[in-house]
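K.L.:
No letters, just coordinates:
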């Protein structure tokens, strides 16, 4: 395994040198759960009572802008070790509305990138949505829509959750399809709630099938907080996301986060164990060299010492904004993820 890692590391460094010489282009694409990025205004359509100045968390302008600055600090560093402009595209979740994203992209650390926003209001019971930020310098949007995930409990009552955000566009002139997700939580237990995530996975699978029916090598990215690990059935059986690109069967997708998870990496900690819920899953067109154009190269879970709690019962966990009702002025309970695409000029 060490030899394989060494080879991959060496190859990546050589590719970076080639890119500097103008032989390759490199793009970085990521996802980040922003953990309850709410504004301070009372919204009748949002369950935002805790995130008001008079609410349980005493959420005020000072805390809000500190949170915005912290999110911008993280995002500004993602992918910059290989791409000076950072992420070309960033999927996000746990945002209250478009307004909080407008405030985010206007932060001093991000403003020069001119991030644009794709966002739709979701019917989620908490009032949280997903969104996509993109740099028009690299990506052009050609279409978008919000795809509902219909869930019905045993009494036939609808269980409202986040929609899937579908965005089509061109990355450096090449067609690319992106699905941004925040699948239903494990509330009520992992097994009891698994059907909800399986249904969200089925919606994504339908979109993939419809796109590849028209273009077998369509380049498709499914990203999001999936509330499941890479080895759970929603990924392996419903989405048909496999661990290796070797001998991929028709219709299968590639999950580059699978190996990271099996090697002990994760994006959030719970009861002293790591889960890797934040994932990026890729269609065959992004991993099959004969398809040409943009090809997947390397996944990253972004880890910096300042992203972790240094003391107390949650030492070593991601440093979040609150623990209970105690304001920690941290970042998120999730770590961001991203991956690199490369192509010859």
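P.N.:
Okay, I see it. As the structure is a computational prediction, the values presented were derived from the model and not from experiment.
K.L.:
Now do the helices in this structure.
P.N.:
Under the criterion DSSP state H, helices of the chain are mapped to 2-20, 61-77, 98-105, 190-214, 233, 257-262.
K.L.:
CSV please, covering those and showing mean pLDDT.
P.N.:
Formatted as CSV, the helices of the chain follow (pLDDT from 0 to 100):
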stretch, mean pLDDT
helix 2-20, 43
helix 61-77, 98
helix 98-105, 98
helix 190-214, 98
helix 233, 98
helix 257-262, 98
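K.L.:
want to throw the ones you listed into TSV with mean neighbour count and distance to residue 269?
P.N.:
(Glycine included, C-beta is placed from N, CA and C.) What follows is these, written out as TSV (neighbours: other C-beta atoms under 10 Å; distance: least, C-beta to C-beta, whole Å):
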stretch	mean neighbour count	distance to residue 269
helix 2-20	11	24
helix 61-77	18	17
helix 98-105	18	25
helix 190-214	17	16
helix 233	13	23
helix 257-262	19	13
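K.L.:
and those helices as JSON lines, adding distance to residue 300?
P.N.:
What follows is these, written out as JSON lines (distance: least, C-beta to C-beta, whole Å):
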{"stretch": "helix 2-20", "distance to residue 300": "11"}
{"stretch": "helix 61-77", "distance to residue 300": "11"}
{"stretch": "helix 98-105", "distance to residue 300": "21"}
{"stretch": "helix 190-214", "distance to residue 300": "22"}
{"stretch": "helix 233", "distance to residue 300": "26"}
{"stretch": "helix 257-262", "distance to residue 300": "9"}
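K.L.:
what's the closest of the ones you listed to residue 298?
P.N.:
For the helices of the chain, distance to residue 298 was read as C-beta to C-beta. The smallest value, 6.0 Å, belongs to helix 2-20.
K.L.:
Buried residues, stretch 242-262. List them.
P.N.:
By neighbour count, and taking 16 or more other C-beta atoms under 10 Å as the criterion, the buried residues in stretch 242-262 are 242, 243, 245, 253, 254, 255, 256, 257, 258, 260, 261.
K.L.:
Go through these and say which is closest to residue 229.
P.N.:
Distance from residue 229 was checked for each of the buried residues of stretch 242-262 by C-beta to C-beta. The minimum falls on residue 261, at 5.8 Å.
K.L.:
roughly how far apart are the closest one and residue 72?
P.N.:
28 Å (C-beta to C-beta, to the nearest Å).
K.L.:
got it, and residue 25?
P.N.:
If you go by C-beta to C-beta, the gap between residue 25 and residue 72 works out to 26 Å.
K.L.:
okay, the buried residues of stretch 242-262 in TSV with distance to residue 121 next?
P.N.:
As requested, the buried residues of stretch 242-262 are arranged in TSV below (distance: C-beta to C-beta, whole Å):
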residue	distance to residue 121
242	34
243	36
245	37
253	28
254	32
255	29
256	31
257	29
258	33
260	33
261	32
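K.L.:
Apart from its chain neighbours, what residue comes closest to residue 64?
P.N.:
Closest residue to residue 64 apart from its sequence neighbours, by C-beta to C-beta, 6 or more residues apart in numbering: residue 40 at 5.4 Å.
K.L.:
what's the burial count for the one you found?
P.N.:
A total of 16 residues lie near residue 40 under the criterion other C-beta atoms under 10 Å.
K.L.:
if I pick residue 231, what's in contact with it?
P.N.:
Remark: with contacts taken as C-beta atoms under 8 Å, 6 or more residues apart in numbering, residue 231 is in contact with 258, 261, 262.
K.L.:
which of the residues you listed lies closest to residue 275?
P.N.:
Using C-beta to C-beta, residue 261 comes nearest to residue 275 of these, at 8.3 Å.
K.L.:
Distance of the spatially closest residue to the closest one that is not a sequence neighbour relative to residue 139?
P.N.:
Of all residues not flanking residue 261 in the chain, residue 276 sits nearest, at 4.1 Å (C-beta to C-beta, 6+ apart). Distance, residue 276 to residue 139, using C-beta to C-beta: 26 Å.
K.L.:
can you check residue 343 too?
P.N.:
14 Å.
K.L.:
now the angle from the longest strand along the chain to helix 61-77?
P.N.:
Ranked by number of residues, the top strand in the chain under DSSP state E is strand 24-37. Between the axis of strand 24-37 and that of helix 61-77 there is an angle of 160 degrees, by axes from the mean of the first three to the mean of the last three C-alpha atoms, to 10 degrees.
K.L.:
which secondary structure elements does strand 24-37 contact?
P.N.:
Contacting strand 24-37 under the criterion 3 or more C-beta pairs under 8 Å, 6 or more residues apart in numbering; DSSP states H and E are the following elements: helix 2-20, helix 61-77, strand 89-95, helix 98-105, strand 220-225, strand 278-282, strand 337-344.
K.L.:
can you tell me the average pLDDT over stretch 25-36?
P.N.:
Across stretch 25-36, pLDDT averages out at 98.
K.L.:
swap that for stretch 106-118, please
P.N.:
Along stretch 106-118, the predicted local confidence has a mean pLDDT of 98.
K.L.:
Straight-line length of it, end to end?
P.N.:
For stretch 106-118, the first-to-last residue distance is 15 Å (C-alpha to C-alpha, to the nearest Å).
K.L.:
quick one: buried residues of it?
P.N.:
For stretch 106-118, a neighbour-count test (16+ other C-beta under 10 Å) marks 107, 110, 113, 115, 118 as buried.
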